[in-house]
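**Student:** fold the following for me, if possible:
(one chain, ligands or ions: 2)
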Amino acid sequence: MKIKIIPCLQDNYSYLIIDEKKNIACVVDPSESEPVIKYLENNKIHLKFILNTHHHYDHVGGNQKLKEKYGACVIGFKGDKDRIPEIDTLVDNQETWKYEDFEAKVVHIPGHTLGHIFFYFKKQKSVFTGDTLFSLGCGKIFEGTYSQMFNSLKKLKELPYDTKIFCGHEYTMQNSKFCIAHDGNNQNLINKIKEIEKKLHNNLPTVPSTIKEELECNIFLRADNLKTFSKLRDLKDNF
Ligand code: ZN
Ligand code: FE
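**Tutor:** Ligands and ions are numbered 1, 2, ... in the order given. Okay, here's the model as predicted:
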């Protein structure tokens with residue numbers, strides 16, 4: 001099993017989870033269809049599933065075309081059945097979704113939207129966090145409450161340290177500026193920023209991060225109570 005990062009739109013990432021033995025794949029949050037199709041065609045891979053973390057257009061924009069072209073099945077949270085285009089299979093909080101060697105645990109993480117979920121591929125030690133957890137940041141709270149978002153991040157914090165985080169956007173550099181402004185003595189953060197600069201300089205994505213790195217460096221995960229978290233979220237919105 002291999003995970004391929006597909007840059008989409010301005011700063012989105014879609015991800016292909018590829019079963020290389022069978023040449024089949026799932027795509028997470030296809031913002032648009034073209035870059036995904038291009039990779040699949042070049043590598044002769046058949047798309048089986050579309051997994052959506054939430055209903056925003058920059059995460060579902062490719063659903064229709066990809067479903068048309070491959071007959072892929074769209075998987076999304078049951079509470080978003082009327083907002084995720086072309087949805088076929090409804091999944092619920094704490095459910096394990098499985099097809100042949102693909103297996104992911106679904107966890108409901110409201111805050112950014114009310115129907116946001118993450119997909120945790122335990123065997124691949126990978127979590128797809130959409131717009132809830134970014135490297136060095138977290139999503140804006142559009143639909144939920146601060147308390148919901150805080151609790152949703154807590155669920156991500158409980159994953160094993162070595163879990164790789166594949167998030168929905170390349171926001172890491174911008175996020176790092178906020179973290180360092182409020183956590184200037186954090187040596188782990190200082191080191192991580194150097195690595196981020198190197199990667200971006202070489203035109204490489206800064207994802208995946210890991211739960212360990214985010215626990216050490218991400219100020220929103222380091223906030224240990226709701227009040228601190230809420231204050232940081234407000235400050236970030238005006239940063
Ligand atoms: Zn979003
Ligand atoms: Fe987004």
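
**Student:** how distant is the helix or strand containing Leu16 from the center of its chain?
**Tutor:** Taking DSSP states H and E as the criterion, Leu16 maps to strand 12-19. Mean-position distance between strand 12-19 and its chain equals 10 Å (C-alpha atoms, centre = their mean, to the nearest Å).

**Student:** for stretch 151-158, same thing?
**Tutor:** 14 Å.

**Student:** what mean pLDDT does it have?
**Tutor:** Stretch 151-158 shows a mean pLDDT of 98.

**Student:** I figured Thr206 hits Gly137, correct?
**Tutor:** No. Thr206 is not in contact with Gly137 according to C-beta atoms under 8 Å; the separation is 11.4 Å. C-betas here are computed from N, CA, C, even on glycine.

**Student:** who touches both of the two?
**Tutor:** Thr172 (C-beta atoms under 8 Å, 6 or more residues apart in numbering).

**Student:** just to revisit the earlier point, next one: the following helix or strand past the strand holding Leu16 to chain centre, how far?
**Tutor:** Using DSSP H and E, the next helix or strand after strand 12-19 towards the C-terminus is strand 24-28. What separates the centre of strand 24-28 from the centre of its chain is 14 Å, taken as C-alpha atoms, centre = their mean.

**Student:** quick one, strand 24-28 and strand 12-19 angle?
**Tutor:** 160 degrees (axes from the mean of the first three to the mean of the last three C-alpha atoms, to 10 degrees).

**Student:** neighbours of Phe150, how many?
**Tutor:** 22 (other C-beta atoms under 10 Å).

**Student:** who are the contact partners of it?
**Tutor:** Gly111, Ala223, Leu226, Phe229, Ser230.

**Student:** ok, the fourth one to ligand 2 distance?
**Tutor:** What it means is Phe229. Using C-beta to the ion, to the nearest Å, Phe229 is found at 20 Å from ligand 2.

**Student:** related to what we said a few turns ago, so which of the contacts of Phe150 is surrounded by the most neighbours?
**Tutor:** Gly111 (25 neighbours).

**Student:** against Gly168, how distant is the closest residue to Lys78 other than its chain neighbours?
**Tutor:** Nearest residue to Lys78 in three dimensions, chain neighbours excluded: Leu90, at 3.8 Å (C-beta to C-beta, 6 or more residues apart in numbering). Taking C-beta to C-beta, to the nearest Å as the measure, Leu90 falls 21 Å from Gly168.

**Student:** which one's more surrounded, these two?
**Tutor:** Gly168 (29 against 14).

**Student:** Thr129 is in contact with that one, correct?
**Tutor:** Yes. If you go by C-beta under 8 Å, Gly168 and Thr129 touch, sitting 7.2 Å apart.

**Student:** so whichever strand or helix holds Lys155, near ligand 1 or not?
**Tutor:** Using DSSP H and E, Lys155 sits within helix 146-157. No. On the criterion C-beta under 5 Å from the ion, helix 146-157 is out of touch with ligand 1, staying 12.7 Å away.

**Student:** after that helix, which helix or strand is next? Please name it.
**Tutor:** strand 164-167.

**Student:** backbone dihedrals for the residue in the chain sticking out farthest from the centre, both of them.
**Tutor:** What lies farthest from the middle of the chain is Asn185; by C-alpha atoms, centre = their mean that is 27.9 Å. The phi/psi pair for Asn185 (degrees, to the nearest 10) reads phi -90, psi 0.
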